[in-house]
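> Here is a sequence together with a model predicted from it:
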Protein chains: 2
Amino acid sequence: MIPVLEIFGPTVQGEGAVIGRKTMFVRTAGCDYRCSWCDSAFTWDGSAKEDIRKMTPEEIYAELLEAGGDTFDHVTISGGNPALLPQIAGLLDLFKEKGIVSALETQGSKFQPWFRDIDELTISPKPPSSGMITDFERLRHILQNVSGQNVSLKVVVFNEEDLAYAKKVHHLFPDVPFYLQVGNDRLEEVDDQKLLVHLAGRYEWLINLVMPDPDFKRVRVLPQLHTFVWGNKKGV
Amino acid sequence: MIPVLEIFGPTVQGEGAVIGRKTMFVRTAGCDYRCSWCDSAFTWDGSAKEDIRKMTPEEIYAELLEAGGDTFDHVTISGGNPALLPQIAGLLDLFKEKGIVSALETQGSKFQPWFRDIDELTISPKPPSSGMITDFERLRHILQNVSGQNVSLKVVVFNEEDLAYAKKVHHLFPDVPFYLQVGNDRLEEVDDQKLLVHLAGRYEWLINLVMPDPDFKRVRVLPQLHTFVWGNKKGV
Ligand code: SF4
Ligand code: SF4
């Protein structure tokens, strides 16, 4: 049984390597991290405890069909940290059977053999502003285990210290496609237009830091498009 | 000699398959189309005629280095329609020699053998709102000639008729990665914040049309990020 908090879509993937891709989302409960700026804290802080449903792969797929009908061929598994769950393997088997393309984002603190069955894997180690400490040996182990498949690294950046951390990650794994994402430092903002203007400004701030830097050449700098469109709303 | 109108960067690629990628831009003069909403009309309407410089590949590369120094490894060739220029071949030879990754966008009205030397090729046929007529045989011929390389199709959408056209294109070439881009219908807007809010709304409009549509499954829907950050400014 997989602990599920949200199943929604179809919507656009707002971040990373397949930004803009039409996808469904399955959000699992539980995380081994406690990032200071976590935008999905309800997956681990107990606030949504009674919303967690233990579901079989078949039940998840049925609910994806119910929400998305015949309109999708792509599912993003998100968290929390889905890498805590060995039982995701069964869900991926079912996706393969149904011709569904799978994407996963995880912070790189745990490996699961089923990572090899993910079509689009994003490893997103957390920078200093999160308050978390990266285990670089673990990260290296994961990247070695998924080498040859479609994998990318993504670092969220809130400040210049985070950017220095991102540079270290990029330097350690120069051959892995590398994404910088501007962090959302206004999780409480309820005025979508204000948030949009603010985050577009933060995106420009990050671009202005990265463009003159010779250590960042083969890099992509992106915002979170879903916050540009739906602000801090969940489940869209 | 290549007729050049702009050389600038490094900046982010604001559109399409490598959205967010750090890149330099070389904008060539001249277009065989006259799209009603062309955001680069100065490349063909005579208004920037005296700014056109006939440059050798070496001169272009020297100016890229002058502007971008040691900070880039990627150049986007843009127009106008660079596919009008057989002499781009020499520039691509030089890029290959220098280890530069190349990207090109063209509308698919002309083929050049040097398309095969482009690392990231975007074919962007123009929808009805442009006022242009697509030669689908020509488009097919081009896509056949570049099959196996990194190529994508991108259609800009201003209205529902454009979206129907996009669907036709996607249906004709289902195996080519497909991008929908929301058109900028406020080219005269000088208030960047107003434009940002407007275009984010237009992006949501397009998402809302595409998500429930079973004919668009394996599709990516994107805005133009540069307009989100710099509005209608040129050369950024
Ligand atoms: S790893 Fe992700 S889900 Fe877990 S606390 Fe950090 S941001 Fe939140
Ligand atoms: S093809 Fe491109 S450059 Fe040419 S007129 Fe149309 S939008 Fe402008």
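Nice, I can see it. Numbering: from 1, shown residues only, chains lettered A, B, ... in the order given. Ligands and ions are numbered 1, 2, ... in the order given.

> Please enumerate the strands of chain A.
A:2-12, A:22-28, A:53-55, A:74-78, A:101-106, A:120-123, A:151-157, A:178-182, A:219-222 (DSSP state E).

> Partner strands of the third one, with direction?
Right, strand A:53-55. If you go by DSSP bridges, strand A:53-55 pairs up with strand A:2-12 (antiparallel).

> The strand it pairs with vs strand A:22-28, what angle?
160 degrees (axes from the mean of the first three to the mean of the last three CA atoms, to 10 degrees).

> Only the buried residues of strand A:2-12, if you could.
Neighbour-count burial for strand A:2-12 flags A:I2, A:P3, A:V4, A:L5, A:E6, A:I7, A:F8, A:G9, A:P10, A:T11, A:V12 (criterion: 16 or more other CB atoms under 10 Å in any protein chain shown). Bear in mind the C-beta positions are built from the backbone N, C-alpha and C, glycine included.

> picking up where we left off before, can you put the strands of chain A in a markdown table and add distance to ligand 2 and mean pLDDT?
Converted to a markdown table, these look like this (distance: least, CB to the nearest ligand atom, whole Å; pLDDT from 0 to 100):
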| stretch | distance to ligand 2 | mean pLDDT |
| --- | --- | --- |
| strand A:2-12 | 24 | 98 |
| strand A:22-28 | 25 | 98 |
| strand A:53-55 | 48 | 98 |
| strand A:74-78 | 30 | 98 |
| strand A:101-106 | 31 | 98 |
| strand A:120-123 | 31 | 98 |
| strand A:151-157 | 30 | 98 |
| strand A:178-182 | 28 | 98 |
| strand A:219-222 | 24 | 98 |
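
> how about these in a markdown table, adding distance to B:G235?
Compiled in a markdown table, the strands of chain A are given as follows (distance: least, CB to CB, whole Å):
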| stretch | distance to B:G235 |
| --- | --- |
| strand A:2-12 | 29 |
| strand A:22-28 | 33 |
| strand A:53-55 | 52 |
| strand A:74-78 | 36 |
| strand A:101-106 | 35 |
| strand A:120-123 | 33 |
| strand A:151-157 | 26 |
| strand A:178-182 | 23 |
| strand A:219-222 | 18 |
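
> Mind pulling up the pLDDT for whatever residue of chain A ends up closest to ligand 2?
Chain A approaches ligand 2 most closely through A:G20 (20.5 Å), counting by CB to the nearest ligand atom. Looking at A:G20, its pLDDT is 98.

> What count of nearby residues applies to it?
Counted by other CB atoms under 10 Å in any protein chain shown, the residues lying close to A:G20 total 23.

> My guess is it contacts A:L225. True?
Yes. With contact defined as CB atoms under 8 Å, A:G20 reaches A:L225; the gap is 6.9 Å.

> ranges for the helices of chain A?
For chain A, the helices defined by DSSP state H cover A:57-68, A:88-98, A:136-145, A:160-172, A:192-210, A:225-230.

> most packed of those helices?
Comparing those by mean neighbour count (mean count of other CB atoms under 10 Å in any protein chain shown), helix A:225-230 comes out on top with a mean of 21.

> ok, that one near chain B or not?
Yes. Residues of helix A:225-230 are located near chain B by CB under 8 Å from any CB of the partner chain, namely A:L225, A:F228, A:V229, A:W230.

> need the residues you listed in CSV with pLDDT, can you?
As requested, the residues of helix A:225-230 next to chain B are exported to CSV (pLDDT from 0 to 100):
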residue, pLDDT
A:L225, 96
A:F228, 94
A:V229, 94
A:W230, 95
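
> closest to A:S47 among those?
A:W230 (20.3 Å; CB to CB).

> That closest one and B:A164: what is the separation?
Taking CB to CB, to the nearest Å as the measure, A:W230 falls 26 Å from B:A164.

> Burial check on the residue nearest to A:D191 when sequence neighbours are not counted, number of neighbours?
Spatial nearest neighbour of A:D191, excluding adjacent residues (CB to CB, 6 or more residues apart in numbering or on different chains): A:G231 at 7.8 Å. Close neighbours of A:G231, defined as other CB under 10 Å, add up to 19.

> Test my guess that A:G231 contacts A:L196.
Yes. Contact criterion CB under 8 Å: A:G231 and A:L196 qualify, at 7.4 Å.
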